[in-house]
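>>> What would the 3D arrangement of this be:
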Amino acid sequence: MTVLVTGAKGNVGRHVVKELLSGGHGVRALTRDPASAAAVLPDAVEVATGDLAAPDSLAAALEGVTALHLITFDGGDGAPLRTGPQIARLAAKAGVRQVTMLWSGEPGPVEEAVAAEGLAWTTLQPQEFMSNALLWTDSVRDEGVVREPFGATRSAMIHEADIGAVAARTLTEDGHTGEEDVLTGPEVLDMPQKLAVLGEALGRDIRFVELTEQQARERMRQAGASQAAVDHVTGWYAAPPREAYTVTPTVERILGRPPRTFAQWARENAEAFR
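Next up, the predicted model:
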């Protein structure tokens with residue numbers, strides 16, 4: 001089996017690649033920048049040039065591919081891709097049999113087009129990524145502080161390696177067609193609890209300073225985020241969907257083991273905060 005992985009350099013994509021390779025599958029990585037991708041991906045990965053926003057560039061990358069891991073959003077600004085119909089037609093023409101789609105937050109043009117084209121599909125709907133905590137590295141390292149809004153917001157964060165493992169499994173085994181898999185970690189934590197877990201892994205206390213929503217919005221704007229991104233992120237944390245703070249059994253059902261905890265993630269990534 002040869003699997004085309006989009007977003008292969010990302011927090012999830014690199015784990016999809018790792019899991020597929022460990023299972024003995026051929027992996028082709030789609031990228032707009034083949035030189036940078038080849039520098040960070042394992043040697044066993046075939047690098048293909050293409051851009052999901054420019055479907056005409058995808059034909060060669062899809063040749064001989066039997067399964068496709070597809071991000072449904074633009075990797076630059078997170079907006080839903082509008083090229084779903086073209087991508088789906090090209091995938092079907094190439095003989096792709098299974099598509100796993102990494103959900104962007106709500107069903108959009110890509111999901112609708114893949115289903116309409118008659119391809120076997122699975123959607124993966126991960127909730128808050130544990131890797132989001134890497135946004136705190138500088139302030140934790142330099143000040144022992146995390147500044148965020150909505151400290152009482154609770155979420156069942158998921159380890160990005162578990163998302164990658166689920167994606168690889170749904171791409172390469174039968175029985176997952178038509179599933180809409182909501183993926184969470186094994187526990188629900190608010191901000192002070194997250195920082196207590198991280199602090200334990202680091203062997204130091206981390207102080208939480210709660211920002212107002214306006215302060216958080218202004219910080220994102222100053223960092224270059226679009227207004228749509230600012231609205232989406234602050235809106236999610238202000239009123240997260242029920243799925244975000246409800247632990248699901250999906251990871252254990254598919255992988256046959258419990259999902260990784262935030263404590264595990266914190267130990268694995270402790271050096272980034274030191």
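
>>> which residues in the stretch 101-250 of the chain form helices?
109-116, 137-143, 160-172, 191-202, 213-222, 227-238, 250-255 (DSSP state H, counting those that start in this stretch).

>>> wait, what's in contact with D181?
Taking C-beta atoms under 8 Å, 6 or more residues apart in numbering as the criterion, D181 is in contact with T122, T123, L124, Q125, V166, T170, T250, I254. (C-beta placed from N, C-alpha, C; glycine too.)

>>> Which of those has the largest number of neighbours?
Using other C-beta atoms under 10 Å as the neighbour test, the contacts of D181 are led by V166, with 28 neighbours.

>>> where does that residue land on pLDDT?
For V166, the model assigns a pLDDT of 98.

>>> Mind jotting down where the strands sit in the stretch 1-150 of the chain?
2-6, 26-31, 46-49, 67-71, 98-102, 120-126, 145-149 (DSSP state E, counting those that start in this stretch).

>>> The third one: which residues count as buried?
Using 16 or more other C-beta atoms under 10 Å as the burial criterion, the residues of strand 46-49 that qualify are V47, A48.

>>> Could you list the residues in contact with that strand?
Residues contacting strand 46-49 (C-beta under 8 Å, 6+ apart): 4, 26-32, 34, 37-38, 41, 57, 60-61.

>>> go again using 10 Å as the cut-off
2, 4-5, 8, 26-39, 41, 57-58, 60-63, 65 (C-beta atoms under 10 Å, 6 or more residues apart in numbering).

>>> Could you dump the contacts of D181 into a markdown table and include distance to A244?
What follows is the contacts of D181, written out as a markdown table (distance: C-beta to C-beta, whole Å):
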| residue | distance to A244 |
| --- | --- |
| T122 | 20 |
| T123 | 16 |
| L124 | 15 |
| Q125 | 10 |
| V166 | 17 |
| T170 | 21 |
| T250 | 14 |
| I254 | 19 |
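
>>> E148: which of those is nearest?
Q125 (23.2 Å; C-beta to C-beta).

>>> in the sheet, who's paired with the closest one?
Beta-bridge partners for Q125, by DSSP bridges, are V182.

>>> still on that earlier bit, most tightly packed of the helices of the stretch 101-250 of the chain?
Among the helices of the stretch 101-250 of the chain, helix 160-172 has the highest mean neighbour count (mean count of other C-beta atoms under 10 Å), at a mean of 24.

>>> what's it packed up against?
Contacts defined by 3 or more C-beta pairs under 10 Å, 6 or more residues apart in numbering; DSSP states H and E place helix 160-172 against strand 2-6, helix 13-22, strand 67-71, strand 98-102, strand 120-126, strand 180-183, helix 250-255, helix 262-268.

>>> so D56 makes contact with R89?
No. The pair D56 and R89 does not pass the contact test of C-beta atoms under 10 Å, sitting 11.5 Å apart.

>>> Okay, now the unreliable bits of the chain?
The chain contains residues with pLDDT under 70 at 75-78, 104-106.

>>> domain ranges for it?
Following automatic domain parsing, one gets these domains for the chain: 2-126, 127-159+185-246+258-274.

>>> My read is that I206 contacts R147, right?
No. Applying C-beta under 10 Å, one finds I206 not in contact with R147, separated by 11.1 Å.

>>> okay, and the common contacts of those two?
With C-beta under 10 Å, 6+ apart, I206 and R147 have common neighbours W136, S139.

>>> Which residue of the two possesses the greater neighbour count?
I206 (21 against 15).

>>> Return the residues in contact with A54.
Counting by C-beta under 10 Å, 6+ apart, A54 has contacts R32, T83, Q86.

>>> Which of D56 and R89 has more residues huddled nearby?
Neighbours of D56 and R89, each counted by other C-beta under 10 Å, are more numerous for R89; the result is 14 against 10.

>>> which residues does that one contact?
Each residue near R89 by C-beta under 10 Å, 6+ apart is listed here: P55, A113, A116, E117.

>>> ok, now with 7 Å
E117 (C-beta atoms under 7 Å, 6 or more residues apart in numbering).

>>> ok, now P34?
P34 touches V47, T49, counting by C-beta under 7 Å, 6+ apart.
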